[in-house]
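# Build me a structure from this.
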Amino acid sequence: MKRLVIPDSETFAAAIQDEISRNPQGRYFHRLHVVLQVLKGYSTYEAAKFYAHSPRTVQYWVQRLLSEGLMGLWDVDRPGRPGRLSLKEQNKLRKELHKSPGALKYDQNIWDGPLLAHHLKDRYRINLGVRQCQRLFRQLGFSLQRPQPKAAEADPLEQEKFKKTSIE
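Numbers count the residues shown, from 1 in each chain. Model (predicted):
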């Protein structure tokens with residue numbers, strides 16, 4: 001049989017590897033294939049070289065298969081770094097965020113990332129960047145909103161006349 005010539009095969013290979021690594025089911029089936037090669041008699045070094053992994057990774061997968069069965073080849077949950085605020089502190093902060101910043105003796109009328117960073121440093125002794133504080137707003141169930149600017153001396157009737165969609 002004649003060898004197939006695939007134009008731009010490196011791009012296709014990279015796309016397939018991305019698809020496998022993005023999908024938990026794809027990673028599971030990939031591990032099954034690698035471990036299957038070892039079960040068929042190939043060494044972990046040969047299987048690792050063929051599938052572009054380290055031999056230690058393949059050994060780890062085989063050990064997980066032997067100790068946990070097929071379920072051992074699924075990805076395990078990775079909880080990540082623990083948060084800096086305890087659950088009690090998060091609840092306290094959530095209650096504080098429901099209040100106006102003015103009620104907590106701040107000069108601003110709305111909460112934003114820099115103000116929350118200052119508040120956490122001042123009240124909780126926690127240093128977080130502005131971007132992380134913006135994420136914290138979402139984690140606590142808040143959304144960042146800005147007030148619509150309106151001129152103080154504006155006449156509401158004149159504004160309504162000016163709008164394109166106003167009803168006369």
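# The spatially closest residue to Y42 that is not a sequence neighbour and V38: what is the separation?
Distances taken as C-beta to C-beta, 6 or more residues apart in numbering put F50 closest to Y42, at 7.7 Å, once the chain neighbours are dropped. Placement of C-beta: from N, CA and C, glycine included. Using C-beta to C-beta, to the nearest Å, we find F50 at a distance of 11 Å from V38.
# Look at L65 and give its secondary structure.
Secondary structure, DSSP: H, G, I helix; E, B strand; the rest coil: L65 is helix.
# Looks like it contacts M71 (just checking).
No: using C-beta atoms under 8 Å, L65 is not in contact with M71, being 9.4 Å away.
# Alpha carbons only: can I get the one helix or strand in the chain whose mean pLDDT sits lowest in CSV?
Lowest on mean pLDDT, DSSP states H and E among the helices and strands of the chain sits helix 156-162, with a mean of 78. Output of helix 156-162 as CSV, limited to C-alpha atoms (Å, rounded to 0.1, in the frame of the first residue of the first chain):
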residue,chain,number,x,y,z
PRO,A,156,-36.2,65.7,31.5
LEU,A,157,-38.9,66.9,29.0
GLU,A,158,-36.4,68.4,26.7
GLN,A,159,-34.3,65.2,26.8
GLU,A,160,-37.3,63.2,25.9
LYS,A,161,-38.0,65.4,22.9
PHE,A,162,-34.4,65.0,21.8
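# That helix: how far from the chain's middle?
Here helix 156-162 is found 45 Å from its chain centre; the criterion is C-alpha atoms, centre = their mean, to the nearest Å.
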